[in-house]
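Asks: Here is the input, now give the coordinates:
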Amino acid sequence: MATPADKLASSLEALQKLQEQGAVAIRSRQLTRTNRERLTKNGFLQEVMKGWYIPSRPDEAAG
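Replies: This is a model prediction of the structure:
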């Protein structure tokens, strides 16, 4: 069974693949709901408009 850290690592790999393809703004449909929610909850994605996200750093303040 995967640990929470393994699950987060898997979601980060999915985000990295999108970034390697040149994606700056990410549409919600480009990630699975599970990956999107996990990355948002942990601060690696920030919703900028409904359905659109940008990668962010967990240690930076929102806004």
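Asks: Can you check the pLDDT for A62?
Replies: For A62, the pLDDT comes out at 68.
Asks: shaky segments in this protein?
Replies: 62-63 (pLDDT under 70).
Asks: Would you map the strands across it?
Replies: For the chain, the strands defined by DSSP state E occupy 26-27, 45-49, 52-55.
Asks: Out of these, the one nearest K7 is which?
Replies: strand 45-49 (14.8 Å; CB to CB). C-beta here means a position set from N, CA and C on the backbone, and glycine is covered the same way.
Asks: Go through that closest one and flag the buried ones.
Replies: 45-46 (16 or more other CB atoms under 10 Å).
Asks: quick thing: my sequence starts at 235, can you match it?
Replies: Will do, 235 is the new start, and the previous item becomes strand 279-283.
Asks: my guess is G277 contacts R291, does it?
Replies: Yes: with contact defined as CB atoms under 8 Å, G277 counts as touching R291 (7.1 Å).
Asks: ok, residues contacting the helix ranked longest in the chain?
Replies: Longest helix in the chain, counting residues (DSSP state H): helix 238-254. Under the contact criterion CB atoms under 8 Å, 6 or more residues apart in numbering, helix 238-254 has outside partners 236, 260, 264-266, 268-269, 272-273, 276, 278-279, 289.
Asks: Tally up the residues packed near S290, please.
Replies: 17 (other CB atoms under 10 Å).
Asks: before we move on, what about L265?
Replies: By other CB under 10 Å, 21 other residues sit near L265.
Asks: Quick one: residues contacting it.
Replies: L265 touches 245, 248-249, 252, 273, 287, counting by CB under 8 Å, 6+ apart.
Asks: Weed out the non-buried ones from those.
Replies: For those, buried by 16+ other CB under 10 Å: 245, 248-249, 273, 287.
Asks: quick revisit: neighbour count winner among G277 and R291?
Replies: G277 (13 against 9).
Asks: Let me see the backbone angles for the more buried one.
Replies: When read as degrees, to the nearest 10, the backbone of G277 gives phi 90, psi 10.
Asks: What separation is there between it and S290?
Replies: Relative to S290, G277 is positioned 6 Å away (CB to CB, to the nearest Å).
Asks: Excluding chain neighbours, what is closest to A257?
Replies: Distances taken as CB to CB, 6 or more residues apart in numbering put Q264 closest to A257, at 7.0 Å, once the chain neighbours are dropped.
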